[in-house]
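*Asks:* Okay, here's the prediction I keep looking at, along with the sequence it came from:
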Amino acid sequence: MFIRSTGVISAQHSFGNVPFLENPVEYNTNRLTCIEPDYKDIIDPKMIRRMSRIIRMGVAAAIGCLREGNTDVPDAIVTGTAYGCLQDTDVFLSKMVEQNEELLTPTAFIQSTHNTIGAQIGLMLKSNRYNNAFVHRGFSFESAMLDGMLLLMENAAGNVLVGAIDELTDHSFAILERFGLYKKNPVTNTALYSTNTRGSIAGEGSAFFLLAKEHTAGDYAKLDGMHTFYKPASIVESEEQVKLFLESHSIDINDIDLIITGRNGDTTHDAVYNQLNRGIFNGITTAGYKHLCGEYPTAVSFALWLAANCIKQNVIPSSLHSTSNTGKDIKRVLVYNHYQDIHHSLLLLSAC
């Protein structure tokens, strides 16, 4: 599968024709929010008023991806989200309490469903083609990718728009913070990996990719394969899963030019990455990414965008805090991410 174009809205300057992480934004907080574009250049202003924030981010990223790929209407639209439209959910539940469950307007409830973003994209494009949404917690984006890959492999589509969207609200942040997912005190995101405390920094984002079966000159990279595994019993099992994945593609770990891991600054959850860096990843250039976008269930979509750009532009931005690079070309990249040490995934990309 070939990544023809991308559209990403994140806590960094990643949307549109901008330099690839040349000037990363530095934060001193435990919560990162997206840098949103001027939606009037992308969406009809009359429609913007009726869209919640996450719908605007999802639609804008999707339209930006399609424009870059010179595609008016994709053959299929597949989205993944763990939390869905939280802002509209907040509004509906708050009104239920405030109005004692009486005289409730259905608009907020209708727009709170997880497939709203994909549906809105389809409506804007006037597409009645395949449109599906996946809500699989930390595997939401991977499930959407798998569905898109299967559509291409089965010749059910020539190109597929695949995306992941998750937002952060005040209520969701407060709830997840109580579970210990985030740092108690503000931290500088560029120094996240040296904090040595529990929790990460909260994040959000919207990322879309146009996948195609046929190669064209402007493609970012080739997606060679994807693999997921659930709740490994130990770090040893995780290492075995990595080895089996690489063996299934007939490559050796030394054939990898860059490994992007999902380190997030949480001492417990980073243990598997640290152990692998001392083991099979030893000697390979590795980099992190969650200090740029924050931690959220579909953050691996941001890592895929990074990997594709590293290959296309043949560069590893200094903001990724990569280990020493020998200066060789970036021809093959492995992404290894896990969410809460429950949902583990591997993505393998190579130059076209």
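*Replies:* That came through fine. Note that the structure is predicted; figures quoted are calculated from it, not measured.

*Asks:* From now on I want contacts and neighbour counts done on CA atoms only, so please keep to that.
*Replies:* Noted.

*Asks:* Can you give the contact residues for stretch 305-317?
*Replies:* 3, 6, 8, 20-22, 207, 219-221, 260, 322, 329-335, 349-351 (CA atoms under 8 Å, 6 or more residues apart in numbering).

*Asks:* Buried by neighbour count: which residues of that stretch qualify?
*Replies:* Trp305, Leu306, Ala307, Ala308, Asn309, Cys310, Ile311, Lys312, Ile316, Pro317 (16 or more other CA atoms under 10 Å).

*Asks:* Work out for me the element the fifth one sits within.
*Replies:* Assigned by DSSP states H and E, Asn309 falls within helix 300-313.

*Asks:* which helices and strands does the helix or strand following that helix pack with?
*Replies:* Going down the chain from helix 300-313, the next helix or strand is strand 332-339, by DSSP H and E. Where contact means 3 or more CA pairs under 8 Å, 6 or more residues apart in numbering; DSSP states H and E, strand 332-339 is packed against strand 258-261, helix 300-313, strand 343-350.

*Asks:* low pLDDT regions in the stretch 201-350 of the chain?
*Replies:* 325-326 (pLDDT under 70).

*Asks:* In this structure, mark out all the helices, start to finish.
*Replies:* Residue ranges of the helices in the chain, as given by DSSP state H, are 45-48, 53-68, 86-98, 107-111, 116-125, 140-153, 170-178, 235-248, 271-278, 290-293, 300-313.

*Asks:* most tightly surrounded among those helices?
*Replies:* helix 290-293 (a mean of 26; mean count of other CA atoms under 10 Å).

*Asks:* what about that helix, distance to the chain center?
*Replies:* Mean C-alpha position of helix 290-293 versus that of the full chain (CA atoms, centre = their mean, to the nearest Å) differs by 11 Å.

*Asks:* Share the number of residues neighbouring the nearest residue to His215 once chain neighbours are set aside, please.
*Replies:* Spatial nearest neighbour of His215, chain neighbours left out: Phe2 (6.3 Å); criterion: CA to CA, 6 or more residues apart in numbering. Phe2 sits with 23 neighbouring residues when counted by other CA atoms under 10 Å.

*Asks:* quick one: Phe2 from Leu210, how far?
*Replies:* 8 Å (CA to CA, to the nearest Å).

*Asks:* now Ala303
*Replies:* Taking CA to CA, one finds Ala303 at 16 Å from Leu210.

*Asks:* Settle this for me: His344 is touching Phe229, isn't it.
*Replies:* Yes: using CA atoms under 8 Å as the test, His344 is close enough to Phe229 to be in contact (5.3 Å).

*Asks:* Put together TSV for the helices of the chain, with distance to Asn254 on each row.
*Replies:* Shown next, in TSV, are the helices of the chain (distance: least, CA to CA, whole Å):
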stretch	distance to Asn254
helix 45-48	49
helix 53-68	33
helix 86-98	43
helix 107-111	48
helix 116-125	39
helix 140-153	25
helix 170-178	39
helix 235-248	10
helix 271-278	13
helix 290-293	25
helix 300-313	17
